[in-house]
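S.K.: What follows is a protein structure lacking sequence information:
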């Protein structure tokens with residue numbers, strides 16, 4: 001299943017979850033919505049961990065104002081498509097991963113098709129309309145939704161397992177106002193790496209997921225806390241769903 005190069009590359013992490021866990025990463029297909037501040041660190045760490053297929057979707061071109069936080073893109077990439085830039089960097093980071101970079105705007109008409117047979121969705125968006133659409137897709141396909149968001153020195157993250165945890169609509173029934181917000185690169189790095197950490201744990205069946213908890217990061221005070229969150233049984237998006245097991249989880253019987 002693994003080449004000698006792969007066995008050497010992943011040796012230190014296979015000390016944690018073995019070849020079986022590494023094989024799950026290699027077989028996985030993860031969908032990343034956005035190649036910006038959150039999508040950059042999330043995709044980088046999933047690629048170097050050995051996730052077999054990464055689909056990353058974005059419709060923008062690289063702008064100079066992106067460079068303080070969108071670490072997939074360099075000065076020379078200004079004016080280039082973010083998908084082109086992202087695919088180039090990720091493929092160089094790990095030539096054994098398949099990188100599907102798609103330049104399109106995610107909306108209600110194409111979200112389900114774009115996600116396809118992915119094993120999970122990383123929410124690296126900056127608007128709630130698209131997030132809600134992807135939340136609906138995750139619910140329909142019964143796959144996890146790894147949410148992250150930032151504003152200035154502040155960030156948040158949670159892992160949503162449809163039918164088991166609150167969905168995005170349970171947590172945020174109404175979207176915040178659309179506006180340009182301040183952003184510092186280190187906050188995106190912290191939250192994006194938390195999202196990728198959650199994906200790796202989910203796929204390998206390792207550790208405790210950030211489920212039923214909203215992680216809050218306050219970079220101004222270098223302080224983190226959690227808020228317990230619960231499903232809304234009357235949620236218009238996820239009400240009535242049954243529980244879904246994670247990879248490696250044994251049945252109750």
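M.R.: Everything's here; your move. This one's a predicted model, so the numbers in the text were calculated from it and none came from an experiment.
S.K.: now the strands: where do they sit in the protein?
M.R.: Shown for the chain, the strands assigned by DSSP state E span residues 29-33, 53-58, 98-103, 120-123, 145-151, 154-160, 213-218, 223-228.
S.K.: Compute the inter-axis angle for the longest helix seen in the chain and strand 154-160.
M.R.: Ranked by number of residues, the top helix in the chain under DSSP state H is helix 185-204. Here helix 185-204 runs at an angle of 10 degrees relative to strand 154-160 (axes from the mean of the first three to the mean of the last three C-alpha atoms, to 10 degrees).
S.K.: Helix 185-204: which residues count as buried?
M.R.: Under the neighbour-count criterion of 16 or more other C-beta atoms under 10 Å, helix 185-204 has 185, 187-204 buried. Bear in mind the C-beta positions are built from the backbone N, C-alpha and C, glycine included.
S.K.: what about residue 109, how many neighbours?
M.R.: 9 (other C-beta atoms under 10 Å).
S.K.: For residue 136, see how far away it is.
M.R.: 12 Å (C-beta to C-beta, to the nearest Å).
S.K.: can you pull out the helices in this structure?
M.R.: Counting by DSSP H, the helices of the chain are 4-9, 11-27, 39-49, 82-93, 111-115, 128-141, 168-171, 185-204.
S.K.: which regions of the chain sit below the pLDDT cut-off?
M.R.: 242-253 (pLDDT under 70).
S.K.: which residue is nearest the middle of it?
M.R.: Nearest to the mean C-alpha position of the chain, counting by C-alpha atoms, centre = their mean, stands residue 122 at 2.2 Å.
S.K.: Correct me if wrong: residue 166 contacts residue 213.
M.R.: No - because the distance of 9.9 Å does not satisfy C-beta atoms under 8 Å, residue 166 is recorded as not touching residue 213.
S.K.: Looking only at neighbour counts, state which of those two leads.
M.R.: The neighbour count for residue 166 versus residue 213, taken as other C-beta under 10 Å, is higher for residue 166 (22 against 18).
S.K.: Could you check how many residues crowd around the nearest residue to residue 64 once chain neighbours are set aside?
M.R.: In space, and not counting its chain neighbours, residue 64 is closest to residue 78: 5.6 Å by C-beta to C-beta, 6 or more residues apart in numbering. Residue 78: 15 surrounding residues under other C-beta under 10 Å.
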